[in-house]
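1. next come a sequence and a model predicted from it.
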Amino acid sequence: MNDGTVILPWLVIRQDDNGNRYRVGRYATKAEAQKIADSLDDRGKEQLYWVERLNQNGAR
């Protein structure tokens, strides 16, 4: 892309113990997003973390 737009298609999602879901962050690569999700998951709290990819129109 030449318009200076940064593409961050990988999301880290958190789900708390009440079932509420939140977007933690957006990342350029799956590896980067997975590293963040793993580091948060290693904290041992009751939240779940996972990685999702946005499709081209911005939907999950």
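-> Cool, got the structure.
2. so where is this structure shaky, pLDDT-wise?
-> 1-4, 57-60 (pLDDT under 70).
3. let's see that with 90 instead.
-> For the chain, applying pLDDT under 90 flags the ranges 1-7, 16-17, 41-47, 55-60.
4. just the helices in the protein please.
-> Secondary structure of the chain (DSSP state H): helices located at 30-41.
5. contacting residues around the spatially most central residue of it?
-> For the chain, the residue nearest the mean C-alpha position is residue 12 (1.4 Å; C-alpha atoms, centre = their mean). Contact analysis of residue 12 by C-beta atoms under 8 Å, 6 or more residues apart in numbering lists 23-25, 27, 33, 36-37, 40, 49-51. Any C-beta I mention is one placed from the backbone N, CA and C, and that applies to glycine too.
6. number of residues surrounding the closest residue to it other than its chain neighbours?
-> Once flanking residues are discounted, residue 12 sits nearest to residue 24: 4.2 Å by C-beta to C-beta, 6 or more residues apart in numbering. Using other C-beta atoms under 10 Å, residue 24 has 15 neighbouring residues.
7. just checking, residue 24 touches residue 39?
-> No - checked against C-beta atoms under 8 Å, the pair residue 24 and residue 39 is beyond contact range at 10.9 Å.
8. residue 37 and residue 23, how far apart?
-> Look at residue 37 and residue 23: by C-beta to C-beta, to the nearest Å, they are 12 Å apart.
9. ignore the last one, residue 41
-> Per C-beta to C-beta, residue 41 is found 16 Å from residue 23.
10. good, we can wrap up now.
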